[in-house]
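Participant: the following comprises the amino acid sequence and a computationally predicted model.
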Amino acid sequence: MKKCLVLLLALALGFSGCSAQTESSSSQAEVTSTAPAETTVPETTTPEVTMLEPDSSAPEETNSLGIHPYLQQLVEDTVEQLVTPEMSEYERTKAAFDYMIEHTYLDEPIGLNLWQIYGGGEPIPFVEQRAISPLRFGVGMCEDYAAALTLLLRGMGLEAEYVPGLTYSEEGHLVDHAWTVVRIDGVWYHLDSQLGDNI
């Protein structure tokens, strides 16, 4: 619990989170149209899209977390390494938090679309997609750390939620950030594994 409080204190004191992404995303948002108001668009044919066939070796669609089978397998494999039956909620939480710090480093995520290769189907939710890079390759930004930690905690039988929000950068500007909240023995705690990793 002391570690959680230290992390929140560091967050409040303005330790930089994921500010690197916010600069590029804000410049992309300022796109304006220069096309004249009365432009006719010629008819075109829609290109044919080829969908990948589902991988026959993919796990069954039914899983305990209700997430994509490929990601479910990543979560289960990791949880199996970390959890023993006698562990308390606090011990499971600490094991997941420590795992994220020890096995993930801060950098651009990779492999966000692996779910398409391992099972195809409909697009997966944001949190599931962002959890792939840290769980499979050990790399990601704040939202990836938070998403992976959230799914690991859920895989351990705990209530956990992904929280998007803002924090202050070292320069004093508000920047996008993400972290995890988990319920331990009936009390909700904020966990920031990406910030903890930086510290």
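Facilitator: Here it is on my side, so go on.
Participant: for the host helix or strand of Gln73, which residues meet the burial criterion?
Facilitator: Here Gln73, judged by DSSP states H and E, is contained in helix 69-82. By 16 or more other C-beta atoms under 10 Å, the buried positions in helix 69-82 come out as Pro69, Tyr70, Leu71, Gln72, Gln73, Leu74, Val75, Thr78, Val79, Leu82. Every C-beta, even on glycine, is put in place using the N, C-alpha and C of the backbone.
Participant: can you pull out the strands in this protein?
Facilitator: Assigned by DSSP state E, the chain shows strands spanning 105-106, 139-140, 159-168, 174-184, 187-191.
Participant: of these, which is nearest Asp197?
Facilitator: Counting by C-beta to C-beta, Asp197 lies closest to strand 105-106 out of those; the figure is 6.5 Å.
Participant: do you know how far Glu89 is from Glu80?
Facilitator: The gap separating Glu89 from Glu80 is 18 Å, by C-beta to C-beta, to the nearest Å.
Participant: I meant Leu65, not that one.
Facilitator: For Leu65, the distance to Glu80 equals 14 Å [C-beta to C-beta].
Participant: with Pro109 instead?
Facilitator: 23 Å.
Participant: so what's the nearest residue to Gly165 once chain neighbours are set aside scoring on pLDDT?
Facilitator: Nearest residue to Gly165 in three dimensions, chain neighbours excluded: His177, at 5.8 Å (C-beta to C-beta, 6 or more residues apart in numbering). For His177, the pLDDT comes out at 95.
Participant: could you number the chain from 38 rather than 1 from now on?
Facilitator: Okay, using 38 as the starting number, the last item reads as His214.
Participant: isn't His214 right next to Val200, touching?
Facilitator: No - assessed by C-beta atoms under 8 Å, His214 is found out of contact with Val200, at 9.0 Å.
Participant: of these two, who's got more company?
Facilitator: Neighbours were counted for His214 and for Val200 using other C-beta atoms under 10 Å; His214 has more, 26 against 15.
Participant: that older thread, and the strands of the chain, which is most packed in?
Facilitator: Among the strands of the chain, strand 176-177 has the highest mean neighbour count (mean count of other C-beta atoms under 10 Å), at a mean of 23.
Participant: pairing partners for it, with directions?
Facilitator: strand 142-143 (parallel) (DSSP bridges).
Participant: name the surrounding residues that touch the strand it pairs with.
Facilitator: Gly175, Val176, Gly177, Met178, Gln231, Asp234, Asn235 (C-beta atoms under 8 Å, 6 or more residues apart in numbering).
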